[in-house]
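Colleague: Sequence and predicted structure below; questions after.
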Amino acid sequence: HIIKMAAHIKIGEDQHPERESGAAITKTGKYDRKQIKARMVVEGYIEESLKDVCGSDEPDIEIDFDDLEALPAGERVAFLETKLAGAKNKADVPYFIKSLLKKVDEYLAEYPNK
């Protein structure tokens, strides 16, 4: 509903000349929703996988996607290994790290940091 409302707001030509119609705003909104959905998929994977790795429905380990995304690629493994040092199911940790980094890399390939 917010996107539809934004389409009705007239943006002055001097402010955003590239957005001459509500259609441009709506298209931007669809793109944002697609990116948000992709991000939610990765965050959902983190949440569900942490339950398995920690052996609990309420894991005591948190991995913030923003922190992971902000790190240089070469530092992500060490970051995750440190975060997961106390995991109950240690045998699952290497697979989780590999799978998560693949998902993060795919997300960042589609939506690079600005």
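Modeller: The structure has been received and is ready for your questions.
Colleague: what does the helix or strand harbouring residue 98 contact?
Modeller: Assigned by DSSP states H and E, residue 98 falls within helix 93-110. With CB atoms under 8 Å, 6 or more residues apart in numbering as the contact definition, helix 93-110 has outside contacts at 35, 38-39, 41-42, 45-46, 49, 52-53, 63, 65, 68-69, 73, 76-77, 80-81, 84, 87. Glycine gets a C-beta too; all of them are placed from N, C-alpha and C.
Colleague: Can you list the buried residues in stretch 93-107?
Modeller: For stretch 93-107, the buried set under the neighbour-count rule, 16 or more other CB atoms under 10 Å, comprises 93, 96-97, 100, 103-104, 107.
Colleague: Let me know the secondary structure of residue 69.
Modeller: helix (DSSP: H, G, I helix; E, B strand; the rest coil).
Colleague: Tell me the confidence at it?
Modeller: You'll see residue 69 listed with a pLDDT of 92.
Colleague: gap between it and residue 91?
Modeller: 27 Å (CB to CB, to the nearest Å).
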